[in-house]
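Visitor: sequence first, predicted model second:
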Amino acid sequence: MTTSRLQELIASYANAPETDELRAGYRQLANAQASATELLNLYSSAAGLLSARIAASGYPHTLLTQQAELFQEMESQLQQTGRDNRYSFIIVIPVADRPEHLKSCLESLHTLMRQFNYGGKAESHYCKVEVLVADDSENRENRERIRKTTQHYDQQGLRSLYFGPEDQLHQLEKIDPSDRRHARKIVGDHPADAFHHKGASCTRNISYLKLNELTRNRADTLIWFIDSDQEFSINHDLQSEPVFAVNYFHEINQIFSNSTTQVLTGKVVGDPPVSPAVMGGNFLSDVGGFLSTIYKLDPAAPCAFHATEPQQISDAAYHDMAELFGFKSATEQYDYHCTLPGVHDNMDCLIDFTRKLNSFFDGQHPTRQTHYTYQPLHETITAARTVYTGNYILSSAALNHFIPFATLSLRMAGPVLGRLLKAELGDAFISANLPLLHKRTLDNTGTSEFRPGVDRERAEIDLSGEFEKQFFGDVMLFTIQSLIDQGYPHKLADEIEVQQTVNQTAESLLGKYRSKQCQIDQRIESLRQQIKQLDGWIENQRDSDQATKELTAFLKSMEYNFGEKANSYRLISDDSHRQARCREITRAILQYPADRSHWLTLLGR
């Protein structure tokens, strides 16, 4: 067996004590005494040492190449043994009118496969990784583009199946007529001529039914749900391009192979995983801080907003109400770090910054992006309470746990599912430091291709639809947490008890949202005054009108969504609307145990 890459790596550590076990394992391998499992563990240990060196060295190309070659050598060794019992994977990507996002996502997966070659190839296709694209698009042209993109990557060796609206309807037709009434509460009830934009949760649940078929008698297959605006790479600093430094499939296989895990959730780096509805306050604070700083500088002086190291973003620092989730609220401002390359001045920086402002309404946060921090993976494994629905892996057995309350179309589906999984699976539900790169917007437009609940039809960007779903998603989450503390779902909750809990949670959250609105309204007024100061600072500077225009548009949209007369707050404050939503939430919670039972029937379990 050729083991030159492994041999070179071990030799590069000279006589370091941490390589003693590696050397012993290598001697076994050289004497043809190592089993497939021992071979896998040997290369995994070697790769761990190399990963630490790569991170400490700033992810240089030479070491990334060495890492790729080491894993490719491991794949060759495993194929030669003829005993590759590792997990196979089905990557599931729900997508709605985002053909360009999907293309970037699949291209990153294809690059990852070329880099590490997990499972090897046979008959021009990768053996252990396949893709299911679940299309929820409305636009027919987008559907066709998504279907063709799926076919393209299938032809490139990445086995890919398009699961479009017609396929999904066909899947639902397989349900026994006597079970369809119950199924509608889980997968929705959408007419065939309007079978689109059902929502990510309904689309995932329909996909679960398809996956139940695909994984029947395939206990060695893991299912990985990701979002179409994510990529299989990581960012590690402010300036460098993303890198393919994590062999996700290898790491996930090791976790599931050496534990009783049923569900594993990763996180994201890059853009925050939360709605702009709960980021307005801290973003305004950061915008104000940037403008206060730049006004003191010479517009024509070299740009002063570059940093060699990314600012450490604390957990949930992008969330206006982080304390609700047990995190400390970030009170400090976060600096903006200019991303312009080459020689430029402060005025260039301001112009580029103002162009990014309205991307905030698509979920981008220019001042509070997160970056990957390396840790040995086993040190990051911990019990979980939240599912990141854009990055979670489950065994086929865990298909029993569908996305709850999908037909209510609320945000926070992942945290709600996570609380229920924690109650039902315990230690079999874990998280680990396996983030994907989250890119809310396209590089060439600065906007998302499609974002439900965000209306760009008028001058001001309207977040009220998403805002409403966020508020009542929070109501659902904290109601579920309160009921779980009392024994739910194992202990059936009384209707009056559930109703009271929902109403009390809604009233409490409304007070917190209102308090945050007052704070945001003050920051909007501060920004208005800062924009007035801008004229003097940039007088006679190039593109000054454009910068002022971008800032003014941003201010108007912030005022429209978060100001004193914002429709967002009017919706959640309206007694009639809030009470109707609370009744829906109450009924859904009471129905959930029965839904679980019906779901198992649908799966044939």
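Guide: Thanks, I have the structure now.
Visitor: could you double-check that Leu64 sits in contact with Pro242?
Guide: No: taking contacts as C-beta atoms under 8 Å, Leu64 lies outside contact range of Pro242: 11.7 Å. All C-beta spots, glycine's among them, are computed from the backbone N, C-alpha and C.
Visitor: roughly how far does Tyr153 sit from Tyr248?
Guide: 17 Å (C-beta to C-beta, to the nearest Å).
Visitor: how about low-confidence regions in the stretch 301-450 of the chain?
Guide: Counting by pLDDT under 70, the stretch 301-450 of the chain has low-confidence residues at 308-312, 314, 330-331.
Visitor: which residues in it form strands?
Guide: For the stretch 301-450 of the chain, applying DSSP state E, counting those that start in this stretch gives strands covering 382-383, 391-395, 429-431, 436-438.
Visitor: helix, strand or coil for Met273?
Guide: Wrong residue type there; residue 273 is Pro, not Met. coil (DSSP: H, G, I helix; E, B strand; the rest coil).
Visitor: C-terminal to the helix or strand that contains Thr548, what's the next element?
Guide: Here Thr548, judged by DSSP states H and E, is contained in helix 544-562. Under the assignment DSSP H and E, the closest C-terminal helix or strand after helix 544-562 is helix 567-573.
Visitor: what comes up buried for that following helix?
Guide: Going by neighbour count (16 or more other C-beta atoms under 10 Å), the buried part of helix 567-573 is 568-569, 571-572.
Visitor: list the helices and strands that helix packs on?
Guide: Contact here means 3 or more C-beta pairs under 8 Å, 6 or more residues apart in numbering; DSSP states H and E; on that basis helix 567-573 packs against helix 464-484, helix 495-537, helix 544-562.
Visitor: got CSV for these, with distance to Asp595 too?
Guide: Shown next, in CSV, are the helices and strands packed on helix 567-573 (distance: least, C-beta to C-beta, whole Å):
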stretch, distance to Asp595
helix 464-484, 14
helix 495-537, 15
helix 544-562, 34
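Visitor: quick one, which of the ones you listed is packed in tightest?
Guide: Of all the helices and strands packed on helix 567-573, helix 464-484 has the most neighbours on average by mean count of other C-beta atoms under 10 Å, namely a mean of 23.
Visitor: which ones are touching the spatially most central residue of the chain?
Guide: Most central in the chain under C-alpha atoms, centre = their mean is Gly390, positioned 3.8 Å from the mean C-alpha point. With contact set as C-beta atoms under 8 Å, 6 or more residues apart in numbering, Gly390 has these partners: 225-227, 229-230, 268, 273, 436, 438.
Visitor: let's see it at 7 Å
Guide: Gly390 is in contact with 226-227, 230, 268, 273, counting by C-beta atoms under 7 Å, 6 or more residues apart in numbering.
Visitor: from these, which two are the most distant?
Guide: Ile226 and Pro273 (12.2 Å; C-beta to C-beta).
Visitor: just checking, Cys105 is part of a strand?
Guide: No: counting by three-state DSSP, Cys105 is not found in a strand; it is helix.
Visitor: any idea of the pLDDT on it?
Guide: Reading off the confidence values, Cys105 has pLDDT 98.
Visitor: what do you get for the one 5 residues further on?
Guide: At His110, the model reports a pLDDT of 98.
Visitor: now it, nearest residue through space, not along the chain?
Guide: Leu158 (5.4 Å; C-beta to C-beta, 6 or more residues apart in numbering).
Visitor: same deal with Met558?
Guide: Ile524 (5.6 Å).
Visitor: which strands or helices does the helix or strand that contains His152 pack on?
Guide: Taking DSSP H and E as the definition, His152 sits inside helix 140-155. With contacts taken as 3 or more C-beta pairs under 7 Å, 6 or more residues apart in numbering; DSSP states H and E, helix 140-155 sits against helix 99-116, strand 129-135, strand 160-163.
Visitor: shaky segments in this protein?
Guide: Looking along the chain with the criterion set at pLDDT under 70, you get 1-2, 16, 18, 28-34, 238-239, 308-312, 314, 330-331, 540.
Visitor: follow-up on the earlier one: out of the contacts of Gly390, who has the most neighbours?
Guide: Gln230 (27 neighbours; other C-beta atoms under 10 Å).
Visitor: for that residue, give me phi and psi.
Guide: phi -120, psi 160 (degrees, to the nearest 10).
Visitor: now do the contacts for it.
Guide: Counting by C-beta under 7 Å, 6+ apart, Gln230 makes contact with 105, 268, 390-391, 436-438.
Visitor: test my guess that Leu417 contacts Ile403.
Guide: Yes: in this structure, Leu417 is within contact of Ile403 by C-beta atoms under 7 Å, at 5.9 Å.
Visitor: looking at these two, which one has more neighbours?
Guide: Leu417 (26 against 23).
Visitor: give me the neighbour count for the spatially closest residue to the more buried one that is not a sequence neighbour.
Guide: Nearest non-adjacent residue to Leu417, counting by C-beta to C-beta, 6+ apart: Val387, 4.8 Å away. For Val387, the neighbour count with other C-beta under 10 Å is 27.
Visitor: list phi and psi for Val387.
Guide: Note on Val387: its backbone torsions stand at phi -100, psi 130 [degrees, to the nearest 10].
Visitor: that one reaches Gly266, doesn't it?
Guide: No: applying C-beta under 7 Å, one finds Val387 not in contact with Gly266, separated by 10.1 Å.
Visitor: quick one: His190 is in a strand?
Guide: No: judged by three-state DSSP, His190 forms no part of a strand; its state is coil.
Visitor: list the contacts for it?
Guide: Taking C-beta under 7 Å, 6+ apart, one finds Lys198 in contact with His190.
Visitor: what's the distance between it and Phe471?
Guide: Relative to Phe471, and taking C-beta to C-beta, His190 is found at 24 Å.
Visitor: I'd say Asp136 and Ser201 touch.
Guide: No: when contacts are counted by C-beta under 7 Å, Asp136 is not listed as touching Ser201 (10.6 Å).
Visitor: which neighbours do these two share?
Guide: Common neighbours of Asp136 and Ser201 (C-beta under 7 Å, 6+ apart) do not exist.
Visitor: quick revisit: helices and strands around the helix holding Thr548, which ones?
Guide: Looks like helix 544-562 contacts helix 280-294, helix 346-356, helix 495-537 (3+ C-beta pairs under 7 Å, 6+ apart).
Visitor: okay, buried residues for the shortest one please.
Guide: Spelled out, that is helix 346-356. For helix 346-356, by 16+ other C-beta under 10 Å, it's 346-354, 356.
Visitor: my guess is the residue nearest to His110 contacts Ser124. True?
Guide: No: counting by C-beta under 7 Å, Ser124 is not a contact partner of Leu158; they are 10.6 Å apart.
Visitor: sorry, back to before: looking at the helices and strands packed on helix 140-155, which is closest to Arg23?
Guide: helix 99-116 (24.4 Å).
Visitor: tell me how far the closest one lies from the chain's centre.
Guide: 16 Å (C-alpha atoms, centre = their mean, to the nearest Å).
Visitor: direction included, what does the next helix or strand after it pair up with?
Guide: Using DSSP H and E, the next helix or strand after helix 99-116 towards the C-terminus is strand 121-122. Paired neighbours of strand 121-122 in the sheet (DSSP bridges): strand 125-126 (antiparallel).
Visitor: who touches the strand it pairs with?
Guide: So strand 125-126 is contacted by 113, 119, 157-159 (C-beta under 7 Å, 6+ apart).
Visitor: can you list the residues you listed in a markdown table and add distance to Thr149?
Guide: A markdown table is the format used below for the contacts of strand 125-126 (distance: C-beta to C-beta, whole Å):
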| residue | distance to Thr149 |
| --- | --- |
| Met113 | 16 |
| Gly119 | 23 |
| Gly157 | 15 |
| Leu158 | 11 |
| Arg159 | 14 |
